[in-house]
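Visitor: Okay, predicted coordinates and the sequence, questions at the end:
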Amino acid sequence: MRKFNARCPMLSPNINPARGQALDAADAACLDAGALAQVESLLSLCPAHGTTPLLALPNLAREIGVASLDVKHEAPRFGLGSFKALGGVHAVIRLALEEARRRLGRAVHPRELRESGLRDIAASITVSCATAGNHGRSVAAGAKLVGCRSVIFVPSGASDERIEGIAQLGAEVRRFAGGYDDAVAEAGRISAAEGWTVVSDTSWPGYERIPRLVMQGYTIMAAEALRELHEPPSHIFLQAGVGGFAAAVAGHVALDPGMVPMPRIVVVEPARAACLFESHRAGAPIRIRPGEPTRMSPLECYEPSLIAWRILIRTAAAFMTIEEEDAVLAKQRLVEPLGDDPQLSSSESGAAGLAGLIAACRAPAFRDTLGLNERARILLVNTEGDPAGRRAPRPAEACTDCAISGAPR
């Protein structure tokens, strides 16, 4: 059996004493069971939508020294390769429906979006966003689904594979010579000038409603995992960039009355881009100075989403950072599994939650503080498959030939 490197990793555990405070009413409303039901009803109209697998890794659990280890595997989601398919697609559909209602002055059923009149309305809408890859792919898929135009801004660190995946869905891709946060600013500036609608997965003062729609979409994966688990998890390790994914899962879990006691949620970030960790240490959301690029490019963010910050500061048990080699090791653990554990397609970003767990279990003080012992039941999310191995999605997989699409049936 392979053994972990005995090297003590460069950990920066940051225990959160503010955990347990109630969520703001607006934040709770976007993540609770009622919001989840609306999202599930909307996305169920698409035949590409289906439950992604929850996979047990008992051999890896034994090696780490915990009771169980379950991984929610998001690579198959909508045929788009990552969990972010839920957020962007959901938000764009909702925005198209709202614009149709506004212009027609009546309620509009999602199935009507396939009719020529509503397709004409959708065609007049341009949605935009900044992305390191996955969110832009989701927004582009949502735009193609309803018939909108999409313009996606990508930072210099985005890989060619990620950019190609966006372009394959019909989006106009604009490269930007800067980091993710710079691309967010550029997308906002140009979109304001052009009259486009920004569909961002991060929020800032005065811009929260659309990011909430994105985060609402993410609640599906949390709900699916909790329904399948035989026992509630004792710990959930969640990777973070701006924090939208981690906050959506943490917030939904916190609002679930069956999660008693509340699982200990640990937020994991690359040491090279740890905006949430540093914000927690500073006591307020801050923008950190960009550093050396990380292999976890979807997590390379230097300023937290305000909504995500509000939720995570009230739900996370701890914040921690991981080194580049930690992410590489974790990806290897998923791609080359122990024994008969299932093999998962992943990336360094997708495996970052596992990287945090492995690193924490190698640090005795952090392991003891969090109770990572032989009784611990761990839930992780493999947030994406290997982008280099993705093929162009078939129409149904990309959610473009369904009950709310104008494509031929």
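Guide: Happy to help now that I have it. Note that this is a predicted model, so its numbers are computed, not measured.
Visitor: For the stretch 301-409 of the chain, which segments count as strands?
Guide: 316-322, 377-382 (DSSP state E, counting those that start in this stretch).
Visitor: meant to ask about the stretch 1-150 of the chain
Guide: Counting by DSSP E, counting those that start in this stretch, the strands of the stretch 1-150 of the chain are 14-15, 54-56, 68-73, 126-130, 149-155.
Visitor: Out of those strands, which is the most enclosed?
Guide: Across the strands of the stretch 1-150 of the chain, averaging neighbours per residue (mean count of other Cβ atoms under 10 Å) puts strand 126-130 on top, at a mean of 26. C-beta: built from backbone N, CA, C; applies to glycine.
Visitor: Partner strands of it and their direction?
Guide: According to DSSP bridges, strand 126-130 forms sheet pairs with strand 149-155 (parallel), strand 197-198 (parallel).
Visitor: so which of those comes closest to L357?
Guide: strand 149-155 (28.3 Å; Cβ to Cβ).
Visitor: Please enumerate residues in contact with the closest one?
Guide: For strand 149-155, contacts defined as Cβ atoms under 8 Å, 6 or more residues apart in numbering pick out 123, 125-133, 136, 139-140, 142-144, 162-163, 166, 169-176, 178-180, 182-184, 186-187, 190-191, 196.
Visitor: buried subset of those?
Guide: Buried members of the contacts of strand 149-155, counted by 16 or more other Cβ atoms under 10 Å: 125-133, 136, 139-140, 142-144, 162-163, 166, 169, 171, 173, 176, 178-180, 182-184, 186-187, 190-191, 196.
Visitor: Grab the nearest non-local neighbour of the residue minimising distance to the centre of the chain.
Guide: Residue closest to the average C-alpha location in the chain (Cα atoms, centre = their mean): F245, at 3.7 Å. Distances taken as Cβ to Cβ, 6 or more residues apart in numbering place Y218 nearest to F245, at 5.7 Å, with adjacent residues excluded.
Visitor: Does the strand or helix carrying the one you found pack against any helices or strands, and if so which?
Guide: Per DSSP states H and E, Y218 falls inside helix 209-228. Packing contacts for helix 209-228, counted by 3 or more Cβ pairs under 8 Å, 6 or more residues apart in numbering; DSSP states H and E, involve helix 33-43, strand 54-56, strand 68-73, helix 84-104, helix 244-255, helix 306-315, strand 377-382.
Visitor: Tell me which of the ones you listed is the most buried.
Guide: helix 244-255 (a mean of 28).
Visitor: quick one: that helix to chain centroid distance?
Guide: Centroid separation for helix 244-255 versus its chain: 10 Å, with Cα atoms, centre = their mean, to the nearest Å.
Visitor: Could you name the helices and strands sitting against it?
Guide: Helices and strands touching helix 244-255, by 3+ Cβ pairs under 8 Å, 6+ apart, are helix 25-29, helix 209-228, strand 235-239, strand 264-270, helix 306-315.
Visitor: tell me the mean pLDDT over that helix?
Guide: Helix 244-255 carries an average pLDDT of 96.
Visitor: Strand 264-270 and that helix, what's the angle between them?
Guide: Going by axes from the mean of the first three to the mean of the last three Cα atoms, to 10 degrees, helix 244-255 is angled at 180 degrees with respect to strand 264-270.
Visitor: Dump helix 244-255 to PDB, keeping only the CA atoms.
Guide: C-alpha atoms of helix 244-255 as PDB (Å, rounded to 0.1, in the frame of the first residue of the first chain):
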ATOM      1  CA  GLY A 244     -19.500  30.700  -4.100                       C
ATOM      2  CA  PHE A 245     -19.400  26.900  -4.300                       C
ATOM      3  CA  ALA A 246     -18.200  26.500  -0.800                       C
ATOM      4  CA  ALA A 247     -20.800  28.900   0.600                       C
ATOM      5  CA  ALA A 248     -23.600  27.400  -1.400                       C
ATOM      6  CA  VAL A 249     -22.900  23.900   0.000                       C
ATOM      7  CA  ALA A 250     -22.100  25.200   3.500                       C
ATOM      8  CA  GLY A 251     -25.200  27.400   3.600                       C
ATOM      9  CA  HIS A 252     -27.500  24.600   2.400                       C
ATOM     10  CA  VAL A 253     -26.100  22.200   4.900                       C
ATOM     11  CA  ALA A 254     -26.500  24.700   7.700                       C
ATOM     12  CA  LEU A 255     -30.100  25.200   6.800                       C
END
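Visitor: any weak-confidence spans in this structure?
Guide: Residues of the chain meeting the criterion pLDDT under 70: 1-14, 18, 389-409.
Visitor: who touches D24 in this structure?
Guide: Shown in contact with D24 (Cβ under 8 Å, 6+ apart): R310.
Visitor: now it: how far from A185?
Guide: D24 is 26 Å from A185, where distance means Cβ to Cβ, to the nearest Å.
Visitor: L276 now?
Guide: 19 Å.
Visitor: So which of the two has more stuff around it?
Guide: The residue with more neighbours, out of L276 and A185 and counting by other Cβ atoms under 10 Å, is L276; that gives 32 against 14.
Visitor: Go ahead and confirm F237 touches N382.
Guide: No - if you go by Cβ atoms under 8 Å, F237 and N382 don't touch, sitting 11.4 Å apart.
Visitor: okay, and the common contacts of the two?
Guide: With Cβ under 8 Å, 6+ apart as the test, F237 and N382 both reach 353-354.
Visitor: thinking again about what came up before, who wins for proximity to P285 among the helices and strands packed on helix 209-228?
Guide: For the helices and strands packed on helix 209-228, the distance to P285 is smallest for helix 306-315, at 4.5 Å, taking Cβ to Cβ.
Visitor: what sits against the residue nearest to F245?
Guide: By Cβ under 8 Å, 6+ apart, the residues touching Y218 are 83, 86-87, 244-245, 248-249.
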